[in-house]
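Q: sequence first, then the predicted structure, then my questions.
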Amino acid sequence: MSIREAISAGASSAPLSGIDAVINYGRGRKGLAAFWAGEGELTTPGFIREASVQALDGGETFYTAQTGISGLREALARYHGRHFGHGFEPDEFTVTAGGMHAILLALQATVKAGDEVIYLTPAWPNLAAAAGVGGTIPVAVPLYLRQGEWLFNADAVEAAVTPRTRAIFVNSPSNPTGWVATREQLAAILTIARRHGLWIIADEIYSRFVYGGDRSPSFYDIMEPEDRIIFVNTFSKNWSMTGWRIGWLSTHKSLSQTFANLVQYSTSGVPPFLQRGAIAALDHGDEYVDAQVVLARNGRDILTQSFQKNSRIKFATPQGAFYFFFAIDELADSRQVAFELIDRANIGLAPGSAFGAAGRGYLRMCFLRDTDQLKSAAERICEWVCRRT
């Protein structure tokens, strides 16, 4: 038996992300315009960086409480109080090493090997892959694109529930489709979860990135204190902090010690100087987020105006998040198309096939970018589409 064959089945079955496969292919290409990753091009704002540098210079380099320093959990409570309209307590929050770590801890707390977790697809691939590595069975319930709109069917979610189902993962606003669940749709999911005794893992990372209103509808708007809901979130998107790897969980406060223990046995906590920067983001970063949303809205509108002129490009105008998810007539293999766009148009996009079977034939393009860059990229994509028969 080789060394590779000797590692665990879960580790050996962990798939290469379809997004990373394209990034690996195109990385380093001269002049390539890359829109494949879920991040903008701006560096973290100075007021956030300065708070962390000051803490680092001040010697904040030691272990912290597993759930995070009290100042950050208090800032999270303040932030949620401002944006969700009711009081929160610091003990409802656990600081994590990014949104992915938050998702992993939520899965560890709610499902085990052989259990099933329902999720809506097309979906960011990391959820299903992470569940699979742990032996949990991800069960996809597709959204459907009809007449320029992504549609959700609560009956399909209900039909997917089996005796082995333990959780429903809900990402709204959605990466990659831009679908935003209505309050009524969230209520329908919550009703299903209550009826079957299921957990909801609520990924509302893009809640501020909506193009109508201040934020998206949230389970916070409709839940009761004892509902089985775990919220996963990150500082990455709102405040241009993707490389910081810091996020949070929001749970019933009775679960605080449980998640402290899970943090202890995974990362043992987040560096305190990073947490100081996160406090600055929460307390002083609302205007920055608002500006990012304006930038994203402008980017969305540029792509909408450009792509609607080409009859071969099909899409639903995204209502949230900052991704354009579109299909090209007669081009079903989006993975191959993504490679071709690198070679022929010098454009890097994420293949829709990376987001599950429901994403085949689609491409994802991040539009949290400079408007001139987006205009140029849209022109090159449309020119390539017209050339390709």
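A: Received, thanks. Numbers count the residues shown, from 1 in each chain.
Q: Val95: how many residues sit nearby?
A: When neighbours are counted by other CB atoms under 10 Å, Val95 registers 28. For glycine as for every other residue, the C-beta is placed from the backbone atoms N, C-alpha and C.
Q: can you name the next helix or strand after the one helix or strand it maps to?
A: Assigned by DSSP states H and E, Val95 belongs to strand 93-96. Remark: after strand 93-96, the chain's next helix or strand is helix 99-110, criterion DSSP H and E.
Q: what is that next one packed up against?
A: Packing partners of helix 99-110 (3 or more CB pairs under 8 Å, 6 or more residues apart in numbering; DSSP states H and E): strand 93-96, helix 125-133, strand 165-171, strand 199-203, strand 229-234, strand 247-250, helix 256-264.
Q: most tightly packed of those?
A: By mean neighbour count, with neighbours taken as mean count of other CB atoms under 10 Å, strand 93-96 ranks first of the helices and strands packed on helix 99-110 at a mean of 28.
Q: each with direction, which strands does it pair with?
A: Looking at strand 93-96 with DSSP bridges, its partner strands are strand 247-250 (antiparallel).
Q: just give me the neighbour total for Gly148.
A: Gly148, neighbours per other CB under 10 Å, totals 10.
Q: who touches it in this structure?
A: The contact partners of Gly148, taken as CB atoms under 8 Å, 6 or more residues apart in numbering, are 315-317.
Q: go through the top helix by length along the chain and flag the buried ones.
A: For the chain, the longest helix by residue count, based on DSSP state H, is helix 286-307. Neighbour counts using 16 or more other CB atoms under 10 Å place 288-289, 292-293, 295-297, 299-300, 302-303, 306-307 of helix 286-307 among the buried residues.
Q: which helices and strands does that helix pack with?
A: strand 313-315, strand 323-328, helix 371-387.
Q: contacts for it?
A: 40, 42, 45, 82, 208-211, 238-240, 313, 315, 317-318, 322, 324, 326, 365, 367-369, 371, 374-375, 378-379, 381-382.
Q: would you mind giving me the ChimeraX syntax to select the buried ones in those residues?
A: Per 16+ other CB under 10 Å, the buried members of these correspond to this ChimeraX selection:
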select :40,45,208,209,210,211,238,239,240,313,315,318,322,324,326,365,367,368,369,374,378,381,382
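Q: shaky segments in the stretch 1-150 of the chain?
A: Along the stretch 1-150 of the chain, no part satisfies pLDDT under 70.
Q: can you map out the helices along it?
A: All helices of the stretch 1-150 of the chain, identified by DSSP state H, counting those that start in this stretch, fall at 3-6, 9-12, 18-26, 46-57, 70-84, 99-110, 125-133.
Q: now those in CSV, with distance to Asn233?
A: Below are these laid out as CSV (distance: least, CB to CB, whole Å):
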stretch, distance to Asn233
helix 3-6, 36
helix 9-12, 26
helix 18-26, 21
helix 46-57, 16
helix 70-84, 9
helix 99-110, 6
helix 125-133, 14
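Q: mind checking which of the ones you listed is nearest Arg195?
A: Closest approach to Arg195 among the helices of the stretch 1-150 of the chain (CB to CB): helix 99-110, 16.9 Å.
Q: quick check: angle from the closest one to strand 165-171?
A: Orientation of helix 99-110 against strand 165-171 (axes from the mean of the first three to the mean of the last three CA atoms, to 10 degrees) gives an angle of 160 degrees.
Q: alpha carbons only: can I get helix 99-110 in PDB?
A: Extracted C-alpha coordinates of helix 99-110, given in PDB (Å, rounded to 0.1, in the frame of the first residue of the first chain):
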ATOM      1  CA  GLY A  99     -16.400  31.600   7.300                       C
ATOM      2  CA  MET A 100     -15.300  28.100   6.200                       C
ATOM      3  CA  HIS A 101     -14.200  27.300   9.800                       C
ATOM      4  CA  ALA A 102     -17.600  28.500  11.000                       C
ATOM      5  CA  ILE A 103     -19.300  26.100   8.500                       C
ATOM      6  CA  LEU A 104     -17.100  23.200   9.600                       C
ATOM      7  CA  LEU A 105     -18.000  23.800  13.300                       C
ATOM      8  CA  ALA A 106     -21.700  24.100  12.500                       C
ATOM      9  CA  LEU A 107     -21.500  20.800  10.700                       C
ATOM     10  CA  GLN A 108     -19.600  19.200  13.500                       C
ATOM     11  CA  ALA A 109     -22.300  20.400  16.000                       C
ATOM     12  CA  THR A 110     -25.300  19.200  14.000                       C
END
